[in-house]
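Undergrad: following is a predicted model, sequence given first.
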Amino acid sequence: MEIVPKSPDGSEKSPHSKELLPSNTASTLCISSRSESVWTSESRSRWDIYHKPIIVMSVGAAVFLFGVVITSLSCIEISNKDVYKMCGPALLSLGLMILVCGLVWIPIIRKKQKQRQKSQFLQRLKSFFFNR
């Protein structure tokens, strides 16, 4: 006689019933995938493509300008002059670094877009000749 385990609510379930539950790992993997499929042909707006580098450049420019303000405050006679002399250049360099990262990101996206277009063209060409 086989012992059937009971669930927390008291109903009996067979050991094989766990295998019948749908698994959503495949859909989770597809959703969390960072690369876009070559097979999708939906067109995206410019904002969808470039919104991340634009946000990064905006944050970098804001930090850079804040660093300019803090550095210029160190030139004025203020009681905490040493703090401004240390924080100002640090914010300047951090903001400039973030700004440059955003600026470099844009040509990378453009290059990926061109490669994706070439890849889609080659896929269509291949399917045209080999699916006859």
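TA: Good, I have the coordinates. Residues are numbered from 1 along each chain as shown.
Undergrad: helix/strand/coil for residue 78?
TA: coil (DSSP: H, G, I helix; E, B strand; the rest coil).
Undergrad: how close does the spatially closest residue to it that is not a sequence neighbour sit to residue 117?
TA: With C-beta to C-beta, 6 or more residues apart in numbering as the criterion, residue 78 has its nearest non-adjacent residue at 6.8 Å, and that residue is residue 84. Yep, even glycine has a C-beta here, placed from its N, CA and C like the rest. Separation of residue 84 from residue 117 (C-beta to C-beta, to the nearest Å): 50 Å.
Undergrad: out of these two, which sits in the busier spot?
TA: Ranked by neighbour count (other C-beta atoms under 10 Å), residue 84 and residue 117 place residue 84 first, with 18 against 10.
Undergrad: contacting residues around that one?
TA: Residues near residue 84 by C-beta atoms under 8 Å, 6 or more residues apart in numbering: 70-71, 73-74, 78.
Undergrad: ok, and the most crowded of these?
TA: The most neighbours of any of the contacts of residue 84, using other C-beta under 10 Å, belong to residue 70, which has 19 neighbours.
Undergrad: can you give me the distance of residue 112 to residue 123?
TA: Taken as C-beta to C-beta, the span from residue 112 to residue 123 is 16 Å.
Undergrad: coming back round to it: turn the contacts of residue 84 into JSON lines, columns for secondary structure, distance to residue 95 and pLDDT.
TA: Below are those laid out as JSON lines (DSSP: H, G, I helix; E, B strand; the rest coil; distance: C-beta to C-beta, whole Å; pLDDT from 0 to 100):
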{"residue": "70", "secondary structure": "helix", "distance to residue 95": "11", "pLDDT": "90"}
{"residue": "71", "secondary structure": "helix", "distance to residue 95": "11", "pLDDT": "88"}
{"residue": "73", "secondary structure": "helix", "distance to residue 95": "16", "pLDDT": "84"}
{"residue": "74", "secondary structure": "coil", "distance to residue 95": "16", "pLDDT": "82"}
{"residue": "78", "secondary structure": "coil", "distance to residue 95": "21", "pLDDT": "75"}
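Undergrad: farthest-apart pair in the residues you listed, please.
TA: 71 and 78 (12.4 Å; C-beta to C-beta).
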